[in-house]
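K.L.:
Need coordinates for the below:
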Amino acid sequence: MYVVISGLPPYYNVAHDELLALDICKGLRPEFNIKVPKLILHIIKSCLDANPSNRPYAKSLSRTFNEFLNDFNKDTKSYSESINKTKLIKQIEEAGQINNNSSTNSSPLTNKIHPEAIYKSRPFNYKNLTEPKNSDGYYEIYDNISTIKCSGNN
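P.N.:
Prediction:
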């Protein structure tokens with residue numbers, strides 16, 4: 001979901017090494033370079049929760065996305081007749097306006113992928129990783145996924 005929304009792979013600008021693994025265990029999550037509707041951000045955050053038992057089941061996600069799709073289809077059919085927009089549609093439109101007016105958004109074409117950012121399956125044999133946790137304020141802060149910065153070299 002992150003790649004589809006941001007147009008970038010997660011952690012594209014840092015080495016995929018033990019420092020990144022430690023930062024993720026400490027609560028680091030990918031950051032968006034654009035405004036994301038809060039309802040979508042909430043789903044992403046729940047999927048990235050450090051505690052696997054807090055993550056939604058695929059069936060629950062499917063149900064949620066189907067509800068969004070039904071609401072969207074209902075809105076587009078009645079859009080010319082009324083201005084009854086769902087919360088998600090309003091958030092998408094608001095995020096779109098912010099993103100269109102923002103000069104800070106970076107295009108995926110201008111972002112350089114770190115030479116040690118590897119996007120293929122490989123085993124990690126890191127020892128001494130801490131117990132995974134969410135960053136402080138993880139559920140209170142809705143502007144982004146993470147409240148901490150990566151300590152690795154950019």
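
K.L.:
Kindly check the end-to-end length of stretch 122-134 for me.
P.N.:
From its first residue to its last, stretch 122-134 covers 24 Å (C-alpha to C-alpha, to the nearest Å).

K.L.:
And that stretch, what's buried?
P.N.:
Residues of stretch 122-134 classed as buried under the neighbour-count rule (16 or more other C-beta atoms under 10 Å) are residue 134. C-beta coordinates here come from the backbone N, C-alpha and C atoms, glycine included.

K.L.:
Ok, stretch 47-62 next?
P.N.:
Of the residues in stretch 47-62, those scored as buried under the neighbour-count criterion (16+ other C-beta under 10 Å) are 48, 49, 50.

K.L.:
what's the answer for stretch 15-26, then?
P.N.:
Counting neighbours by 16+ other C-beta under 10 Å, stretch 15-26 gives 15, 16, 20, 21, 22, 23, 24, 26 as buried.

K.L.:
Format those residues as a markdown table; extra columns: distance to residue 42.
P.N.:
Written out in a markdown table, the entries for those read as follows (distance: C-beta to C-beta, whole Å):
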| residue | distance to residue 42 |
| --- | --- |
| 15 | 30 |
| 16 | 27 |
| 20 | 25 |
| 21 | 25 |
| 22 | 26 |
| 23 | 22 |
| 24 | 20 |
| 26 | 22 |
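
K.L.:
any chance of those residues in JSON lines, plus secondary structure?
P.N.:
As requested, the buried residues of stretch 15-26 are exported to JSON lines (DSSP: H, G, I helix; E, B strand; the rest coil):
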{"residue": "15", "secondary structure": "coil"}
{"residue": "16", "secondary structure": "coil"}
{"residue": "20", "secondary structure": "helix"}
{"residue": "21", "secondary structure": "helix"}
{"residue": "22", "secondary structure": "helix"}
{"residue": "23", "secondary structure": "helix"}
{"residue": "24", "secondary structure": "helix"}
{"residue": "26", "secondary structure": "coil"}
